[in-house]
Each structure stands twice: as structure tokens, then as C-alpha cells.
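Could you work out the structure for the sequence below:
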Amino acid sequence: MDFPLLQDIVILLGFSVVVVFVLQKIRLPSILGFLITGVIIGPYGLSLIENPEQVEVLSEIGVILLMFVIGMELTVNQLASIKRTVLYGGFLQVGLTITVAAVVYYFLGFPWNECVFIGFLFSLSSTAIVLKILQDRNEISAPHGRTALGLLIFQDIIVVPMMLFTPILAGGAVDMGREILLLLLKSGLVILLTYIGARYIVPRAMYVIAKTGSKELFLLSTITLCFAVAFLTASAGLSLAFGAFLAGLIISESEYSFQATSTILPFRELFISFFFISIGMLLQLDFFVKNMGLILMLVLVVFFVKGTIVALVTAILKYPLRTVVLTGLALFQIGEFSFILSRIGLESGLLTRTMNQYFLSVSVLSMLITPFVIIFSDKLSNFILNSPLQKPWKMIIKNPKMEDRSTLKDLDNHLLIVGYGINGRNLARAARFAKIPYVILELNAQIVRQERMNGEPIYYGDAVHEHILERVKMKKARVVVVAISDPQATKIIVANIRHLSPSVYLLVRTRYIKETENLLALGADEVIPEEFETSVEIFSRVLSNYLVPVDDLENLVDRIRADNYKMFQSQKRVSRTLTTPKIPDFKITCVRVMADAGEVAGKTINEIDVRKKFGVNVLAINRKDEMINSITPDQKILKNDLVFISGDQEHIDHFFKAVN
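Below you'll find the model as predicted:
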């Protein structure tokens, strides 16, 4: 018996295992390995695949599952929060890219209809590659991740009107008005059915299915929902990927999204590998080698022009410079839906076979370098942020006005909250209840405007910039809490805060334990990994349900926390401030004496004249684990002493610098 598809799958997976293994050894992303595998085994490489069309069908399943999982990880409310990016930003990005590409090609001597079609091709980015990499890097919920997602959603929607308009560009007799009206009606019906399903049908149906306790039934139901909605949207003229995204949104509104995600993930990883391999198969190596110079130049032009357009649109949407740069670097490539468009253009006569080969080569190569660009995007953004290139962007990016700035003048001994997600929101509520003065920094302009109307002391600003931190009187703050979703930005913010103030108490929220060590090394006093704290909460509730005594339970929690956190503690940690809302102007700080000579070390309290020279009071000294509570004028301060002092933040910082 002959099984050609099975033979192709064995070859495909066998080569990808070897290539991905080699790349993992040199710490390169798996996506790159799949693309290279496709180039090697494809019809223009070793020609080992007999049925590339069937591999493409499997790859479509991968894109469907990818968008389904991304939809499940969002909610309708989260999607609504980026609707401005989707509609306004997406329209601007696609429109500007089409215009620029069409104008360039027109001046090169091409007819206007072909120029517009070329603009269509270059306006689309790779949803599958970008979202997969951002998801692997835990950056989907970061500002640049959300912006990229919004623009990609619009691109996935607009590709359908592009397909309808292509025959008109080619001179075909198509009733465009009727087709668009029909598309709008079908789209409206699909969205209405999606809303009804998410609100009334799916939660009840999933409850009945989950009640049976059958994992197989739950898996079948989840996949059926995914493909049914994808098929429905495809029948309405929209893309399969957009339908899968809607299906994910439907499940995300129910309490079953976590289980559904974990059920789908293994299948997604398998089929998405088929997608990336099928993209690699499109590259004609002999054509690429013969025209390498021109192709590389075109890729460079696409990188700069399209990346700049995306960055410009992000800037117009009032995002900070770092988000502008990272979004531009993420969406510079040409996307997979452009391949579908190119086939239609080839059939309609808008593309010659030679032009199509140039387009395919540039597209595949831009996809191949995308993982590298995103991996190094933080370094590239830091370079741009510290170069003269940032000046033109500052003319475009104008922060929303900070009304009632007089409140900032009175800030002292306050709490600074960076990020107004669920953690920041709850912390602000707690501070308000305890009558602790606080101020919030947030990057979402809509949230800032809305919450200011509600009376919150919230300001628009990116805390990665030191001058923003200074504007909210960070040096006078008692506590700073960083509660944002961008792991790279968090590191920069922690480093900047510690650079500005060596003694402010700095608490950082992060998602994973593996990020804790780096953040502590950068200067955080405490790092709360949600991953670990969630596990503590789970076993606490379980043991409580088994009637374990409260004091035993608290001791166990303390011991487990100590075991997990002590490995990250450093002897050179900066001072820590003890606070209480009952005496908001009083600070007690423990400072380790690191210097062995100077203004303080080796001298008595009387010789130093601590109160007059530094404006602080010495309360106690811990020397070799022995506490000296009675401080006399002739008491010496020695190297490695832990000195407990009181005073305001400015004088504490002065004393801290003197002993280090």
C-alpha cells in the first residue's frame, strides 16, 4: 500500500526535528528551523515532498489553531480596549502602505492598476509568525504586542475586500457595490451570531459537556466550535483565520477557556510547524541565487519603508516611543495572506511570473529574518531611543495633557504605581482606603482619560524614561510598584528607578519565577511572581479545606516562600524602608555600611555629627548578628554594620551614598 501523504509527513517532521535541534543548540527560534526545513525539502530544494498542496492544507489548520488560541487568551473587553488601534490604526497603516508602494512603483513605469495591487501585497504582515513569536516571548499583552495584534486583526479583515477588488483592477466585470454590500451583511450576521453564541449558547453547552467529565468529548467540542465558526466566516467571504479568532473569543468569555487552551496547544504546535515549513517551500533557490543582490536590496527597502509606516501609525495613535519602535520592528515583513492575493493577481494578469518570483523571494526572506529582528528589537529600540533619530518622533508623539498638575507639586512620601491593569487598579483601591497618597503612570491614553474623569491621580507616560519618573516625584516616593505586562520594559524601569533613587522601596510584579533573579539583580527589593504566588494560594486553600490549623498553615507558607525566594537574595541589596499608614511621614531604613573609610565608617556618632550633617537619626546597629539598641555618642560605625536610621527620603539617600 502507498501512503504518499504519510511519507511526506515523515520526511517533513524528520527533517524539522534535526534542523530545529541544531538551531536550539545555538539558541535560535524554532520558527527559523521550520522555514529552513521547508527550503531544504521543498520542490525548489531537494524535492522530497510529493504533495506540497496537501501540506498547505495542513498548514491552514495550523493558522486556524493559532488564531483560535490567541482569541481564547483575550476577552471581548480586552479587544474593545484596542478597537481604536484595530479600526483607525489598521486603516491608516494599510492605506499608507498601499499609497507609498503604489507611488514608488508608478514612478518605476508600471501601470496604475498593477501599482495598487503591489500596494495590497506589501500592506499585509505575517499574523502567524509575529503572534507566535510574541506569544513565546510573553509579549502579547505588552503595549507593542497589543498594538501589533490590533493592526494584524484589521489586515486579516481587509484582505477580503482586497480579493474582491483585484478582478476590478484587472479589468474584470464585477459588481463591486453589490459584492461589498453582500459582504457587509454576511459579516454583520457572523458577528451577531458570535455575540449570541458567546453570551448565551456556548457557556451553557460547555457546562453540560464539562459536567460529563469526558476529556475526549471536551476536546471534540472545542475543536468542532473552532472549525465551525472558521467555516462560517469563510462561507461569508471572510478569512478562516478571522473566524478562528472569533471562535476563541467566544470561549474566552466562559470559564472553560483555560482548559480549552491547554487541550488545543499540542495540536497547534504540530500544525503551525506545517505552516512555516510550507512557507519555506515557496522559495526558489536558483532564482534567489541568480538575483540575490536585487532581492536583498528590496528586502532592505521593505524593512525600512514598511517598518517606518507602521511606526508612524503607532506614533499617531499616541503610543510612547519605545512602543512605536517595537511595533515597527515587529510588522515590517510581508504576510501569508499576500501569497493568496499574489495567486489571484497572477491569474488576473496583474503579476508576471518573474515579478511573482521576486515577490515570493522578498516575502519569504522577510519572514526568515523576522525572528532575528524581534529577538534583537529591545537592543535596536534602546539604540534608537538614545540616538538623534528620536527627535523627529517627539514632534509626532504628544502626550495627553496632564490636567490638574498642581497635585504633583504636593506629592511627598507617596506611592507610585506603574501600570493600571488589575494589579495596579486593586493597589490604588487599597491605597485610597488606607488614605495613602498615590499617583499612577499608565500607557493607555483611553484609560488615563477615563480614570481622570473618575478622579484618579493617573497620568499618561512611559516609565522607561527617567524624566517621566522625575515628573511624578519618584525620588520623593516611599514605595514604587511596577505592575506592567511587558517583561523587557519592566527591566528598564527597575534599572532607571534604582539609578534615580538607591533607597526607595521597589516592588515588582512579574509573571514567571525565572524572571525574578534578573529583576532582583537590577535593584528590585521584592519581586512577586504570579506563577509562584498562585501555587501558594492553591495549596493554602486545599490545606485549609482539610482543616489544617491556621498557624501551621502560615508557618508552611512562610517556609516555602523562604525556600523559593532566598536563592535570589543578595548581600548587597539596597536599603529597605518600613512603613505604616498611621505615621505616613516617618521612615525607618536599614543601610549596610560597605565603605571601610570615609565620612562615616570607622568614626563615632559624635565625630560624624549624623543629625547635623546627614539629617538622620541612628536608632540601632546590627553588628555580626548582635543588635546594639542603646546608641551613645561614642558608638562607632564599622564596615558591614547594618545601621537603622530614620529621616526623610532625601536625607536617607544622602547617608546611603556616604556609606557605599
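
so where's the stretch 51-200 of the chain uncertain?
Along the stretch 51-200 of the chain, segments meeting pLDDT under 70 span 73-79, 81, 171-177, 179-180, 183.

in it, which spans are helices?
Chain-ordered helices for the stretch 51-200 of the chain, with DSSP state H, counting those that start in this stretch as the definition, fall at 52-72, 76-81, 83-84, 90-107, 112-123, 127-136, 143-169, 176-196.

Quick check: phi and psi on Ile528?
Main-chain dihedrals, Ile528, degrees, to the nearest 10: phi -110, psi 100.

does Leu506 sit in a helix or strand, and which one?
strand 505-510 (DSSP states H and E).

So which elements touch that strand?
strand 479-482, helix 487-500, helix 516-522, strand 526-529 (3 or more Cβ pairs under 8 Å, 6 or more residues apart in numbering; DSSP states H and E). From N, CA and C alone the C-beta is placed, and that goes for glycine too.

Find the one among the ones you listed with the highest mean neighbour count.
strand 479-482 (a mean of 24; mean count of other Cβ atoms under 10 Å).

circling back to that earlier point, work out the gap between the strand holding Leu506 and the centre of the chain.
Its chain's C-alpha centre and that of strand 505-510 lie 19 Å apart, by Cα atoms, centre = their mean, to the nearest Å.

How many residues are close by Ser47?
Using other Cβ atoms under 10 Å, Ser47 has 10 other residues around it.

now swap in Phe372 and tell me
So Phe372, with other Cβ under 10 Å, has 12 neighbours.

and what of the one 10 residues further on?
Here the number of neighbours of Asn382 (other Cβ under 10 Å) works out to 15.

what's the spacing between it and Ala434?
37 Å (Cβ to Cβ, to the nearest Å).

just Leu300 next, same as before
Taking Cβ to Cβ as the measure, Leu300 falls 56 Å from Ala434.

pull the CA atoms of the strand or helix carrying Leu249 into PDB?
Using DSSP H and E, Leu249 sits in helix 240-252. Extracted in PDB, the C-alpha atoms of helix 240-252 (Å, rounded to 0.1, in the frame of the first residue of the first chain):
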ATOM      1  CA  LEU A 240     -10.600  31.300   8.100                       C
ATOM      2  CA  ALA A 241      -8.100  32.800  10.500                       C
ATOM      3  CA  PHE A 242     -10.500  35.600  11.400                       C
ATOM      4  CA  GLY A 243     -13.300  33.000  12.100                       C
ATOM      5  CA  ALA A 244     -10.900  31.000  14.300                       C
ATOM      6  CA  PHE A 245     -10.100  34.200  16.200                       C
ATOM      7  CA  LEU A 246     -13.800  34.800  16.800                       C
ATOM      8  CA  ALA A 247     -14.300  31.200  18.000                       C
ATOM      9  CA  GLY A 248     -11.500  31.800  20.500                       C
ATOM     10  CA  LEU A 249     -13.200  35.000  21.700                       C
ATOM     11  CA  ILE A 250     -16.500  33.000  22.200                       C
ATOM     12  CA  ILE A 251     -14.800  30.500  24.500                       C
ATOM     13  CA  SER A 252     -12.700  33.200  26.300                       C
END
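
Pull the distance from it to the chain's centre.
With Cα atoms, centre = their mean, you get 20 Å for helix 240-252.

What of stretch 508-523?
Worked out by Cα atoms, centre = their mean, stretch 508-523 lies 17 Å from the chain centre.

distance between the ends of it?
Stretch 508-523 has an end-to-end distance of 10 Å (Cα to Cα, to the nearest Å).

Counting by contacts, list what the helix or strand containing Asn426 packs against.
In this structure, Asn426 sits in helix 422-433 according to DSSP H and E. Under the contact criterion of 3+ Cβ pairs under 8 Å, 6+ apart, helix 422-433 touches strand 415-418, strand 438-442.
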